[in-house]
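Chemist: Sharing a model that was predicted from the sequence below.
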Amino acid sequence: MENQQQQSTTTLVTMMPSPGMGHLIPMIEFAKRLTHNDNTINVHFIIPCDGPPSAAQTTVLRSLPATISHTFLPPISLSDLPSDTKIEPLISLTVVRSLSSLRRTLASLASSGHRVSALVVDLFGTDAFDVADDLNIPSYVYYPSTSMLLSFSFYLPQLDQMVQGEYRDLIEPVQIPGCVPVHGKDLTDPVQDRNDEAYKWLLHHVNRFKRAAGFIENSFLELEPGALNELQKAESGKPPVYPVGPLVNVENGRTGDKDHECLRWLDDQPRGSVLFVCFGSGGTLSSAQIDELALGLEKSGQRFLWVVRSPNDKVANASYFNAQSQADPFDFLPKGFVERTKGMGLVVSSWAPQAQVLAHESIGGFITHCGWNSILESVVNGVPLIAWPLYAEQKMNAVLVTEDTKVALRPKIGENGLVEKEEIASVVKSLMEGEEGKKLRHRMKDLKEAATKTLGENGASTKQIVELANKWKGQTSV
């Protein structure tokens, strides 16, 4: 009886992330924040997949508080698709082929006494709107990337009608509403070939965006004022946007993280003296680029901590599905590099506890692939950047941090397609000890303070989460 009473007074919010840890983790951060702020809300994750759950997924989900539960939907088959099918169609079709299971799960939750007040999907989950509509459940989109990319997404259907050829061939940059101009070649990867299935799927999703009851955006006003002010303008047919960021996992807990060799090494370095070099869990460089980076770091004379992965000469996101590479990355470094830089640098293989590294007082800069989560972690810790984008929307993110917020330097790519060692050494020295680096550091410090404030008890992002919670409980705030 008590359990039934609790169910009837508890609001249940369902969340369906697209397949992959990169989509699950950001949504978990929002769920943790939501349930922490309001103990009358429970969250239930409904997870589509094309195979058995990964160990990483189950470990993360089991570590969550009791207010956050989960269901894995029955795996669907993608065996009929060509082996070179891109990530956007794969993710989208996994969701589409899981819709009947989603319907059964939502209906089962509702029939067991829960009041399902919302379904939250991500940018690849818009086909679930149909199921939610049939069950009279409002749909929301948790948007884990920039407000710039969200503004571009709302603008894309219009751009698609206006432009005849490829966006990358446009002479003039694209003027995204509320944002700095972006050259076509810097737009997100799925729009680089308009005949590709990836573009068609992206267009399919953004055309459905206006059907959402709202967008939950992992950013905040001081970081992206132009884009967010544009997105929050009241326009007919445009869903409300709730900026709730920066939501990042400050714990980032793996067993033994606190004893990781790189953290012990950082303890012995001077304050703000070390450049952290890491290209995310999915980013890889070519063999030639690894050589240039190594020699550039050595030439710069600056202290560094480098998370190195085995090279891949085909695609920049080769590690996306296999974060633990098989080959020893040290075999691919220039001969004698590790020995020559022993006093000034530390090279670690494949992985480091990034959140703890960026929070360490010895860190003074960060070479990043410009994944949004990495940028937000830098902002939260006030660490200025060198922007080195590799794939997905990372070039757009690089434009944002270099030309809009001005908290990053971006090295130039040489005629041979590589960022050469001289350029790397120059940019690293400029960030770590130059006047330009000081200006970036000052701006990043201001953003760090704004991030702390917006997530505080009366901060703007906290108020947005409270507003959503009240809406979902049926106490819509004015």
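Modeler: Received it, and whenever you're ready, just let me know what you need.
Chemist: and Gly178, how many neighbours?
Modeler: By the criterion of other C-beta atoms under 10 Å, Gly178 has 20 neighbours. The way it works is simple: take the backbone N, C-alpha and C, and place the C-beta from them, glycine included.
Chemist: Please save the CA atoms from the longest helix seen in the chain in CSV.
Modeler: Longest helix of the chain, by residue count under DSSP state H: helix 435-454. The C-alpha coordinates for helix 435-454 follow below in CSV (Å, rounded to 0.1, in the frame of the first residue of the first chain):
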residue,chain,number,x,y,z
GLU,A,435,50.5,37.6,-23.8
GLU,A,436,47.7,36.0,-25.8
GLY,A,437,47.6,33.0,-23.4
LYS,A,438,47.2,35.4,-20.5
LYS,A,439,44.2,37.0,-22.1
LEU,A,440,42.6,33.6,-22.8
ARG,A,441,43.3,32.5,-19.2
HIS,A,442,41.6,35.6,-17.8
ARG,A,443,38.5,35.1,-20.0
MET,A,444,38.4,31.4,-19.0
LYS,A,445,38.5,32.4,-15.3
ASP,A,446,35.5,34.7,-15.8
LEU,A,447,33.6,31.8,-17.5
LYS,A,448,34.6,29.4,-14.6
GLU,A,449,33.0,31.9,-12.1
ALA,A,450,29.9,32.2,-14.3
ALA,A,451,29.6,28.4,-14.5
THR,A,452,29.8,28.1,-10.7
LYS,A,453,27.2,30.8,-10.2
THR,A,454,24.7,29.4,-12.8
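Chemist: Residue numbering should commence at 5 henceforth.
Modeler: Fine by me, first position is 5 from now on; the one you just mentioned is helix 439-458.
Chemist: tell me the angle the helix or strand following it makes with helix 439-458.
Modeler: The helix or strand immediately downstream of helix 439-458 is helix 464-476, counting by DSSP states H and E. Per axes from the mean of the first three to the mean of the last three C-alpha atoms, to 10 degrees, the angle that helix 464-476 makes with helix 439-458 is 40 degrees.
Chemist: Next, the buried residues of helix 464-476.
Modeler: Using 16 or more other C-beta atoms under 10 Å as the test for burial, helix 464-476 gives Ala464, Ser465, Thr466, Gln468, Ile469, Glu471, Leu472, Ala473, Lys475, Trp476.
Chemist: thinking again about what came up before, show me what the longest helix of the chain is packed against.
Modeler: helix 376-385, strand 412-413, helix 425-437, helix 464-476 (3 or more C-beta pairs under 8 Å, 6 or more residues apart in numbering; DSSP states H and E).
Chemist: hmm, try it at 6 Å
Modeler: Judged by 3 or more C-beta pairs under 6 Å, 6 or more residues apart in numbering; DSSP states H and E, helix 439-458 is in contact with helix 376-385, helix 425-437.
Chemist: and the first one, average pLDDT?
Modeler: I take that to be helix 376-385. What helix 376-385 shows for mean pLDDT is 97.
Chemist: Sketch out the low-pLDDT regions of the stretch 355-482 of the chain for me.
Modeler: 479-482 (pLDDT under 70).
Chemist: For the stretch 155-304 of the chain, which segments are assigned as strands?
Modeler: 218-221, 245-247, 278-282 (DSSP state E, counting those that start in this stretch).
Chemist: and the first one, which strands flank it?
Modeler: When sheet partners are counted by DSSP bridges, strand 218-221 sits next to strand 143-147 (parallel), strand 245-247 (parallel).
Chemist: would CSV of those strands with mean neighbour count be doable?
Modeler: Shown next, in CSV, are these (neighbours: other C-beta atoms under 10 Å):
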stretch, mean neighbour count
strand 143-147, 25
strand 245-247, 23
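Chemist: Of those, which is nearest Phe156?
Modeler: strand 143-147 (11.6 Å; C-beta to C-beta).
Chemist: re earlier: tell me which of the strands paired with strand 218-221 lies nearest to Thr458.
Modeler: Closest to Thr458 of the strands paired with strand 218-221 is strand 245-247 (C-beta to C-beta; 8.3 Å).
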